[in-house]
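Trainee: Got a predicted model here, sequence first, then my questions.
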Amino acid sequence: MDQVAHKPEPVASDNAPVVSQNSTPFIVAYIAFVALLVAAFKFPPLLDYPNHYARIWLLSGGISEQPFPQIYSIDWNRTFTNVGIDLLAYWIGPIVGPSLLARSLLFLAIILPPLGAITLHRRLFGHAFYWQIAILYLSWCSTIVGGFLNFQIGLGLALFLACVDERLQAGNPFVLFAWRMFGSLLLTVTHIFSLGFYIALVCGLEFSWSFAILRSGRALARLAVRLAAVFTACALPAVALFLNTSNLPGVEGAGLQAIWNDSVPALFINIISAVSTYVPTVDLSFVTVATIVLVFARVGASQSGKQGVHAGLSISASGLFILACLSPLHALGTGWISWRFPIMAALVAAVMVCPFTVLNRRQAMWLLVALGIVVFGRTGWIGFNWWHSQKDVAAIEAVLVSAPPGSAIMPLKREPDPAHLPRNSRYYFWQEDTFRHLPTLAVPLSHAFVPTVFTAIGKQPLRVLPPWSEIAVPEGNLLSLSVLICPAVMARDTTYTPYLRDWRNRFDFVLVVNADTPDRYIGDVVPAGLKLVNDGGFAKLYAIDKTLPAGEPVPAGCPASLTGAE
């Protein structure tokens with residue numbers, strides 16, 4: 001690697017003894033803490049996680065159990081990316097079991113990104129500095145609370161692969177090229193965004209420790225050649241896979257279907273997704289403490305002149321931040337696109353800087369106290385939310401006992417007024433529900449059909465067989481119970497969920513979640529022809545009377561008309 005300048009070396013202080021830093025015991029303790037949380041709570045409030053679990057269960061062998069051979073098939077030609085956990089479920093799931101595998105994948109999704117960043121930081125700065133404890137703060141972000149397992153695992157893999165890449169950069173270029181091809185193939189299969197993250201990391205590492213490279217024409221020319229080699233090696237496997245498939249994400253939609261962050265509040269929410277979880281005031285409290293720690297770090301660095309910054313990675317972090325601001329929120333059938341870049345930028349920013357290189361005993365003590373509050377306190381807060389949500393999970397499990405195998409269950413919810421959402425683990429602070437995919441647990445728990453299991457072309461290998469495909473959607477949201485008796489709501493939602501058109505004849509049960517909350521349109525009204533079978537409070541299971549004629553009176557709360565999602 002053409003380094004015009006090398007990494008800074010810490011210098012001993014003149015007026016106080018220097019503490020020998022070792023972040024490893026704290027990192028090990030943190031890993032154990034996260035492992036305990038994952039072991040204690042089987043279905044934490046992570047948006048997509050129950051849906052992933054249902055698919056893991058099917059791919060681990062459940063698809064061979066009745067009635068699923070008539071409902072699903074496995075077709076690996078449906079996608080070439082976003083299948084990391086699917087491949088592991090198919091290969092390893094039958095051996096270790098879907099429950100242990102799902103928890104292990106969740107654990108990796110939480111811990112791999114910060115551990116990969118810490119490993120790269122140690123590779124660059126050569127020591128186990130206390131700053132690496134702060135990097136653990138980035139375990140929790142919007143994408144992990146969203147349950148994006150492939151994406152999160154891909155981020156961690158990209159960081160670990162970049163560590164090896166940095167070591168190989170000074171060696172044989174052919175070995176380096178081959179390594180990058182292998183890494184890009186692995187990351188493309190895991191998640192396409194992780195390949196982009198890996199390219200950003202490698203390009204930053206190739207740049208230099210210093211911007212002085214910009215003053216050398218010869219060094220710039222060599223850098224251009226090396227960056228071209230990066231893109232060539234990383235693009236070849238992805239392009240080869242792309243050219244050999246016609247099943248791309250979004251092909252089931254119509255056009256780009258882009259939704260943009262077109263306001264200042266939307267951009268703000270987008271940017272803070274790197275650190276946001278359940279309740280904004282609590283997140284803000286931990287961010288405030290973290291900011292004080294960063295200010296302390298900057299003051300200490302300005303006094304001692306010992307803060308190291310990797311120039312190349314600073315460019316990578318800036319580029320990822322710009323992408324976070326310019327990318328659409330949703331496009332091509334894929335959600336939360338722009339929310340994926342802030343956590344990438346934050347991880348690179350945490351790696352590129354090394355404050356706290358020289359500390360006396362008093363500074364070290366206060367720093368460890370602050371980092372303990374920020375990192376372990378925040379993880380404890382996450383654990384509290386997970387514990388608080390378990391009564392909802394128990395309600396789902398209890399009512400699904402009453403659903404016989406082979407039945408078709410339509411999941412709905414009582415949708416509260418968006419202006420009065422409760423502040424708890426059921427919702428993100430931007431009004432996203434965390435319980436949306438809990439009804440898909442009917443697949444492993446009751447051997448029943450639910451129309452919203454992830455089966456999107458270009459993303460998952462599961463295919464829904466006819467006639468079940470007529471009442472399935474590739475990526476479904478929970479609709480309001482009011483859709484069954486409010487004509488305007490039905491007219492709007494059948495565009496996205498066509499199975500609603502003949503729901504009474506095609507489904508056997510309606511599973512209502514968030515059932516202990518009045519619906520924004522119909523309050524506590526229950527549509528005619530639904531007979532309560534099991535009441536779990538948060539979840540209620542209703543049997544559908546297929547003989548009931550149409551013509552139910554429209555409740556007064558139903559809207560007269562709707563134009564799209566409110």
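Mentor: Cool, the structure landed. Nothing here was measured: the structure is a model prediction, and the numbers come from that model. Residues are numbered from 1 along each chain as shown.
Trainee: Neighbours of the residue nearest to Asp392 when sequence neighbours are not counted, how many?
Mentor: Counting by C-beta to C-beta, 6 or more residues apart in numbering, Phe538 is the residue found nearest to Asp392 once chain neighbours are left out, at 4.5 Å. Every residue, glycine included, has its C-beta placed from N, CA and C. Phe538: 24 surrounding residues under other C-beta atoms under 10 Å.
Trainee: got a list of what Phe538 touches?
Mentor: By C-beta atoms under 8 Å, 6 or more residues apart in numbering, the residues touching Phe538 are Lys391, Asp392, Ala395, Ile396, Val513, Asn514, Ala515, Asp516.
Trainee: buried subset of those?
Mentor: By neighbour count, with 16 or more other C-beta atoms under 10 Å, the contacts of Phe538 hold Asp392, Ala395, Ile396, Val513, Asn514, Ala515, Asp516 as buried.
Trainee: Which neighbouring elements make contact with the helix or strand where Leu88 lies?
Mentor: Element membership of Leu88, judged by DSSP states H and E, is helix 84-91. Counting contacts by 3 or more C-beta pairs under 8 Å, 6 or more residues apart in numbering; DSSP states H and E, helix 84-91 is packed against helix 49-59, helix 98-125, helix 149-168, helix 173-190.
Trainee: For the ones you listed, give me TSV that also has distance to Leu462.
Mentor: Shown next, in TSV, are these (distance: least, C-beta to C-beta, whole Å):
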stretch	distance to Leu462
helix 49-59	6
helix 98-125	14
helix 149-168	14
helix 173-190	17
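Trainee: Most tightly packed of those helices?
Mentor: helix 49-59 (a mean of 26; mean count of other C-beta atoms under 10 Å).
Trainee: Contacts made by that one with the rest, please.
Mentor: Counting by C-beta under 8 Å, 6+ apart, 43, 68, 72, 74, 85-86, 89-90, 93, 98, 101-102, 105-106, 147, 149, 437-438, 440-441, 443-444, 450, 452-454, 460-462 sit against helix 49-59.
Trainee: Per-residue confidence, the closest residue in space to Leu236 that isn't next to it in sequence, what does it come out as?
Mentor: The shortest distance from Leu236 to any non-neighbouring residue, by C-beta to C-beta, 6+ apart, is to Met181 (6.0 Å). On the pLDDT scale, Met181 is placed at 97.
Trainee: I'd say Met181 and Ala238 touch.
Mentor: No: proximity of Met181 to Ala238 does not meet the contact threshold set by C-beta atoms under 8 Å, at 10.1 Å.
Trainee: ok, so of the contacts of Phe538, who is nearest Asn270?
Mentor: For the contacts of Phe538, the residue nearest Asn270 by C-beta to C-beta is Asn514; the value is 26.2 Å.
Trainee: pretty sure the closest one contacts Arg414?
Mentor: Yes: using C-beta under 8 Å, Asn514 makes contact with Arg414 at a distance of 4.9 Å.
Trainee: where exactly do the strands run in this protein?
Mentor: Using DSSP state E, the strands found in the chain span residues 72-74, 308-309, 353-354, 409-413, 462-464, 479-480, 509-513, 530-535, 539-544.
Trainee: May I ask which helix or strand of this protein has the lowest mean pLDDT?
Mentor: helix 280-304 (a mean of 71; mean pLDDT, DSSP states H and E).
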